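In: Sharing a model prediction with you, sequence too.
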Amino acid sequence: MTNIRQYIADNENRFYKELDSLIRIPSISAKPEHKADMQRCAEHWCKLLMEAGADHAEVMPTDGNPIVFAEKKVLDATKTVLVYAHYDVMPAEPMEAWRTNPFELTIDNEHLWGRGADDDKGQSFIQVKAFEFLVKNNLLACNVKFIFEGEEEIGSPSLENFCKQYAGLLKSDIILVSDTSMLGADIPSLTTGLRGLAYWQIEATGPNRDLHSGHFGGAVANPINELCKLLAKVVDENGHITIPHFYDDVLPIPTEERAMIAQIPFNEKQYMQTIGVDALQGEAGYSTLERNSCRPSFDICGIWGGYTGEGSKTILPSTAYAKVSCRLVANQQHEHISQLFIDYMQSIAPKSIKLNITPLHGGQGYVCPIDLPAYKAATQAFEKAFGKKPLAVRRGGSIPIISTFEQIFGVKTILMGFGLEADAIHSPNENFSRKIFRCGIEAVVEFYNVFSKM
């Protein structure tokens, strides 16, 4: 029988050709013009899952982009694992910042380059190739189901209803997800918590048309000026969010967990150098790692209005816009926070402008107990594949559907991610480590071996 490392070595070139066939499909869920690409990518995933050993795979319609479902039933198996992933990717812009073609897999000695190389086509591929090895070598001792969606990057608007409708079909004992990151290439880690999210678009309207800034400037409120003033009030000089009752449900970080976070290897100077800043800031009284994982935050994600073309045009604009978000922590309900923000902004807005605030999407935070049998299986799997016991860490990002899974299915999710901060997901030059790609496949194989015997 071929062992997993030999299997990877023997098939690695084929793996990359198959991954390239996925990356070449620009499955960008945020852009309506890629609707046909979403369908094409879903159908291609079905083909790859069948070739990997699934008994059945199909593209299932939703109110939005289609969902891929596949399964493999194993005789006498008593456990079922549901693997979740997403096949949609972020837009590639700015295109001029890419060193390679974003929609073609480029391979060098150490990395795989392309949009989706990590998030999430590359990480999904780890799951599928581990499954393939187990099936082809008659080693799979669990039933396995796959659900790949095409709307994760836009907040999974169709997935909750799909899960409710097909709860029986998707029933499992544990959910396995590879869509998170590790602390470092030599610091394997398992994600035990995710922050939630609330996201809004704001429209601020002043006069009924753009005005001449010489004739009206200083006498009429400028919506861009006023919107900037309002947003600047949301976070105070201590990094504290000023929305009334915002922190009512925020649980303090346990002393034991703060001590554990303090032991995580972290070079703050290197962290700053990597992202090109000379100083860090945030909520007073908390470390950088606590701020970006265990505490809530507020950010202006985009702001625009007025004239931004070439040359000058002296106007006082009629409208201004912003997209803003809050990262939330466990126990904060995103619907409640969304309304608190809207009420607060309306209460402090001057009468000289009108605000229209639209919630775009949101999701709950998530925490996984480290005494869960499946979590212990993942720990053993990482230790075998990477040669080190993984650290348990919370991460600052959001995968809103994870908490929804728990609410609908009543089971926990193991966040078995293999990405790195250096992978530049959502940015130009997204990449994925070839070494971690190989270790990830080995870790998933070992997870099934251990979990099936528990």
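Out: Received it, and whenever you're ready, just let me know what you need.

In: How about residues contacting the worst-scoring helix or strand of the chain on mean pLDDT?
Out: Lowest by mean pLDDT, DSSP states H and E among the helices and strands of the chain is helix 255-262, with a mean of 80. Identification of contacts with helix 255-262 by Cβ atoms under 8 Å, 6 or more residues apart in numbering yields 253, 287, 289-290, 293-294, 392-393. Backbone N, C-alpha and C define where each C-beta goes, glycine included.

In: Among these, which ones are in helices?
Out: 289-290 (DSSP state H).

In: Among the contacts of helix 255-262, which pair sits farthest apart?
Out: The distance between the two most remote of the contacts of helix 255-262 (Cβ to Cβ) is 16.9 Å, for Ser287 and Ala392.

In: sorry, back to before: next SSE downstream of the least confident helix or strand of the chain?
Out: As assigned by DSSP states H and E, the chain's next helix or strand after helix 255-262 is helix 268-275.

In: Please save the CA atoms from that following helix in CSV.
Out: C-alpha atoms of helix 268-275 as CSV (Å, rounded to 0.1, in the frame of the first residue of the first chain):
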residue,chain,number,x,y,z
GLU,A,268,5.7,42.8,16.7
LYS,A,269,8.4,44.6,14.8
GLN,A,270,8.4,41.9,12.1
TYR,A,271,4.6,42.1,12.0
MET,A,272,4.8,45.9,11.3
GLN,A,273,7.5,45.4,8.7
THR,A,274,5.5,42.8,6.8
ILE,A,275,2.5,45.2,6.3
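
In: Distance from the chain centre to it, please.
Out: Relative to its chain's centre, helix 268-275 lies at 22 Å (Cα atoms, centre = their mean, to the nearest Å).

In: what do you get for stretch 221-241?
Out: With Cα atoms, centre = their mean as the basis, stretch 221-241 stands 27 Å off its chain's centre.

In: so what secondary structure elements neighbour the helix or strand where Val81 lies?
Out: According to DSSP H and E, Val81 maps onto strand 80-86. When contacts are defined as 3 or more Cβ pairs under 8 Å, 6 or more residues apart in numbering; DSSP states H and E, strand 80-86 sits against helix 121-136, strand 143-149, strand 174-177, helix 401-409.

In: Which neighbours in the sheet does the next helix or strand after that strand have, and how are they oriented?
Out: Where DSSP H and E defines the elements, the next helix or strand beyond strand 80-86 is strand 106-107. Looking at strand 106-107 with DSSP bridges, its partner strands are strand 111-113 (antiparallel).

In: quick check: mean pLDDT across the partner strand?
Out: Averaging pLDDT along strand 111-113 gives 98.

In: same check, this time on stretch 145-157
Out: Average pLDDT, stretch 145-157: 95.

In: Can you give me the buried ones in that stretch?
Out: Neighbour counts over stretch 145-157 (16 or more other Cβ atoms under 10 Å) mark 145-156 as buried.

In: For these, give me a markdown table that also has distance to Lys31.
Out: Output for the buried residues of stretch 145-157, formatted as a markdown table (distance: Cβ to Cβ, whole Å):
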| residue | distance to Lys31 |
| --- | --- |
| Lys145 | 30 |
| Phe146 | 25 |
| Ile147 | 23 |
| Phe148 | 19 |
| Glu149 | 17 |
| Gly150 | 12 |
| Glu151 | 12 |
| Glu152 | 15 |
| Glu153 | 11 |
| Ile154 | 10 |
| Gly155 | 15 |
| Ser156 | 17 |
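
In: what's the closest of those residues to Gly64?
Out: When those are compared against Gly64 (criterion: Cβ to Cβ), the nearest one is Glu151, at 5.3 Å.

In: Confirm for me that that closest one is in contact with Asp88.
Out: Yes. Using Cβ atoms under 8 Å, Glu151 makes contact with Asp88 at a distance of 6.1 Å.

In: Quick check: neighbours shared by those two?
Out: 29, 65.

In: if we can go back for a sec, from the chain's centre, how far out is the least confident helix or strand of the chain? Work that out for me.
Out: Relative to its parent chain, helix 255-262 has a centroid offset of 25 Å by Cα atoms, centre = their mean.

In: Would you indicate which residues of that helix are buried?
Out: Under the neighbour-count criterion of 16+ other Cβ under 10 Å, helix 255-262 has 257, 261 buried.

In: C-alpha coordinates for it, CSV please?
Out: Coordinates of the C-alpha atoms in helix 255-262 are reproduced here as CSV (Å, rounded to 0.1, in the frame of the first residue of the first chain):
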residue,chain,number,x,y,z
THR,A,255,-7.1,35.3,32.6
GLU,A,256,-6.0,31.8,31.6
GLU,A,257,-6.6,32.6,27.9
ARG,A,258,-4.7,35.9,28.1
ALA,A,259,-1.8,34.0,29.5
MET,A,260,-2.0,31.5,26.7
ILE,A,261,-2.1,34.3,24.1
ALA,A,262,1.0,35.9,25.7
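
In: Could you list the low-confidence segments of the stretch 1-150 of the chain?
Out: 1 (pLDDT under 70).

In: ok, 50 please
Out: Scanning the stretch 1-150 of the chain for pLDDT under 50 picks out no residues.

In: After the longest helix belonging to the chain, heading C-terminal, what element do we hit next?
Out: In terms of residue count, the longest helix belonging to the chain (DSSP H) is helix 4-23. Per DSSP H and E, the first helix or strand lying C-terminal to helix 4-23 is helix 35-52.

In: before we move on, the earlier item: may I see the helices and strands packed on strand 80-86 organised as TSV, with distance to Gly387 added?
Out: TSV is the format used below for the helices and strands packed on strand 80-86 (distance: least, Cβ to Cβ, whole Å):
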stretch	distance to Gly387
helix 121-136	18
strand 143-149	26
strand 174-177	22
helix 401-409	28
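
In: Of the ones you listed, which is nearest Ile4?
Out: Per Cβ to Cβ, nearest to Ile4 of the helices and strands packed on strand 80-86: helix 121-136, 5.7 Å.

In: Which helix or which strand is home to the closest residue to Ile241 other than its chain neighbours?
Out: Sequence neighbours aside, Phe298 is the residue nearest to Ile241 in space, at 5.3 Å (criterion: Cβ to Cβ, 6 or more residues apart in numbering). Secondary structure assignment for Phe298, by DSSP H and E: strand 297-305.
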